[in-house]
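S.K.: Predicted model and sequence follow; I will ask about them next.
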Amino acid sequence: MKKIVPAKRLDSVNEYYFSIKLKEVAEMNARGLNVISLGIGSPDLPPSAEATDTLSNAAKDPNAHGYQSHVGIPELRQAFADWYKKLYNVELNPANEIQPLIGSKEGILHISMAFLNPGDGVLVPNPGYPTYTSVSRLVGAEICTYDLDENNNWQPDFEALEKTDLSKIKLMWVNYPNMPTGANGSAELFEKLVAFGKKHGIIIAHDNPYSMILNEKPLSIMQVEGAKDICIELNSMSKSHNMPGWRIGMVASNPQFIQWILKVLSNIESGIFKPMQLATVAALHNTEEWHRANNIELYAKRRQYAEAIMDELGCTYDKNQVGMFLWGKIPANYKDSGELADKILYDAKVFITPGFIFGSKGERYIRISLCCNEIMLKQALERIEKIK
């Protein structure tokens, strides 16, 4: 039989780090080692009761189980528009400036396929979310990394970018509040990004799932005048509404960009289960009290334990970080973040994320997820204290 080989595009990417490492953690747990995972940013508490009750009730409707429109039900688009108005004071036309997604991660692929031809250049942050790089490679784009540095509050160096050959660059990925570093965005930064995009004809794709986590003043790049002309913003229910497994997100932009993204999406997906759409509408109307309890107070308590772990490991970190992770610089006596992460995993049975997976600029950093209850965080701290 003739040998079967996969598509050449697979040569450009590796299996996702967490996919590989969590297999190892699962094997350790199968041996009874009881690893505490502080790696993944998957909220461990449920959505609001209103959301889960709506899902349950809507699923009992015998007419709710068919294919749905790719553009989503009008109630969902309107709820997303109302959310953006209330949270960011941004006006979005629910009819043509919003597209619901089966998760914002999938939106990264839809955007890349809609705008990038093979050979087009894409600016990707270093450190940054690995999916920006892997998806760009899968569509055949040429990756041009731009460095983020803690001495510049993990923001793009626009002077360095202006000296770069931008002639082939079509798209730039940005992400504030930043993952993995926890650096917050600002109106000034977003204004610079919009101006940079317009000057060079580069689409600014802003990934914005963390704006409500440990953050008193959520921001959207769409608050900048004229941002819709050149910007696309992804947002998600996963982090801020405790719905990671539901796979519900959205993309906002001008009508033409949305139409091009929809053209890709409609050839890949078959709509979102209607009861999930209705439940998302309910979640988007969560009370202020629910969000303060789940996105501010809860993570603030957990953050204290994460900081204590960083202190115990001799790491330094910025106390002004926002989002659901804590990013810290490792001591000089470790070769790199992988060495420290492996030591903690094998000696203390605690899994944390080495920063090298986010790019070369993350090699000397580790990341701790706050998606773990205080009892387990306390146990993780005690285990780490014993191996010092």
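M.R.: Yes, it's here.
S.K.: So, low pLDDT: which residues of this protein?
M.R.: Scanning the chain for pLDDT under 70 picks out the ranges 388.
S.K.: Give me the residue at the spatial middle of it.
M.R.: P209 (5.5 Å; CA atoms, centre = their mean).
S.K.: List the contacts of the closest residue to it other than its chain neighbours.
M.R.: Computed as CB to CB, 6 or more residues apart in numbering, the closest residue to P209 that is not its neighbour in sequence is S236, at 4.0 Å. Glycine gets a C-beta too; all of them are placed from N, C-alpha and C. Contact analysis of S236 by CB atoms under 8 Å, 6 or more residues apart in numbering lists 103-104, 209, 248-250.
S.K.: Specify the beta-bridge partners of S236.
M.R.: Beta-bridge pairing of S236 under DSSP bridges involves G249.
S.K.: Isn't T133 up against I143?
M.R.: Yes - with contact defined as CB atoms under 8 Å, T133 reaches I143; the gap is 6.0 Å.
S.K.: Could you tell me which residues touch both of these two?
M.R.: V124.
S.K.: Which of those two has more residues huddled nearby?
M.R.: T133 (22 against 15; other CB atoms under 10 Å).
S.K.: any idea how far Y88 is from D82?
M.R.: As judged by CB to CB, to the nearest Å, D82 and Y88 stand 11 Å apart.
S.K.: which of those two has more neighbours?
M.R.: Y88 (20 against 15).
S.K.: For A205, give me its contacts.
M.R.: A205 neighbours (CB under 8 Å, 6+ apart): 108, 111, 171-174, 231-234.
S.K.: Nearest to N151 among those?
M.R.: Nearest to N151, judged by CB to CB, of these is V174 at 18.6 Å.
S.K.: Can you give the domain ranges for the chain?
M.R.: 15-46+292-387, 70-283 (automatic domain parsing).
S.K.: what's the spacing between the shortest one and its chain's center?
M.R.: Per CA atoms, centre = their mean, to the nearest Å, the displacement of domain 15-46+292-387 from the mean C-alpha position of its chain is 17 Å.
S.K.: how far does that domain stretch from start to finish?
M.R.: 31 Å (CA to CA, to the nearest Å).
S.K.: The residue nearest to S240 when sequence neighbours are not counted and E50: what is the separation?
M.R.: Ranked by CB to CB, 6+ apart and with sequence neighbours excluded, the top spatial neighbour of S240 is M212, at 4.1 Å. Using CB to CB, M212 is found at 17 Å from E50.
S.K.: the more surrounded of these two?
M.R.: More neighbours surround M212 than the other of M212 and E50, with 22 against 16 (other CB under 10 Å).
S.K.: did I read that right, Y146 in a helix?
M.R.: No - under the criterion used here (DSSP: H, G, I helix; E, B strand; the rest coil), Y146 is strand, not part of a helix.
S.K.: count of residues packed around it?
M.R.: 19.
S.K.: residues contacting it?
M.R.: Y146 touches 123-126, 156-157, 160-161, 164, counting by CB under 8 Å, 6+ apart.
S.K.: what's the helix or strand for the nearest residue to C315 once chain neighbours are set aside?
M.R.: Nearest residue to C315 in three dimensions, chain neighbours excluded: G328, at 3.5 Å (CB to CB, 6+ apart). Following DSSP states H and E, the helix or strand that holds G328 is strand 325-329.
S.K.: cool, and K343?
M.R.: Going by DSSP H and E, K343 is part of helix 337-343.
S.K.: ok, and for that helix, which residues are buried?
M.R.: Within helix 337-343, the residues that count as buried by 16 or more other CB atoms under 10 Å are 337, 340-341.
S.K.: now do stretch 107-122
M.R.: 107-116, 120-122.
S.K.: before we move on, what about stretch 358-374?
M.R.: Counting neighbours by 16+ other CB under 10 Å, stretch 358-374 gives 358-359, 361-372 as buried.
S.K.: Equivalent analysis for stretch 322-334, please.
M.R.: So, applying 16+ other CB under 10 Å, buried residues of stretch 322-334: 322-330, 334.
S.K.: next one: stretch 291-301
M.R.: Quick answer for stretch 291-301 (16+ other CB under 10 Å): 291, 294-295, 298-299.
S.K.: all helices for the stretch 101-250 of the chain, in order.
M.R.: 104-115, 130-138, 158-162, 187-200 (DSSP state H, counting those that start in this stretch).
S.K.: want to throw these into CSV with distance to I4?
M.R.: CSV is the format used below for these (distance: least, CB to CB, whole Å):
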stretch, distance to I4
helix 104-115, 25
helix 130-138, 20
helix 158-162, 43
helix 187-200, 43
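S.K.: For P354, which of those helices is the nearest?
M.R.: Nearest to P354, of those and by CB to CB, is helix 130-138 at 12.2 Å.
S.K.: what's that closest one in contact with?
M.R.: 9, 12-13, 16-17, 105, 108-109, 112, 116, 122, 124-125, 143, 173, 207, 357-359.
S.K.: same thing but 7 Å
M.R.: 9, 12-13, 17, 105, 108-109, 112, 122, 124, 143, 173, 357-358 (CB atoms under 7 Å, 6 or more residues apart in numbering).
S.K.: what distance separates it from the centre of its chain?
M.R.: With CA atoms, centre = their mean, you get 14 Å for helix 130-138.
S.K.: Tell me which entries of the buried residues of stretch 291-301 lie within helices.
M.R.: Judged by DSSP state H, the subset of the buried residues of stretch 291-301 located in helices is 291, 298-299.
S.K.: what would those look like in CSV with distance to K21?
M.R.: Shown next, in CSV, are these (distance: CB to CB, whole Å):
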residue, distance to K21
H291, 31
L298, 26
Y299, 23
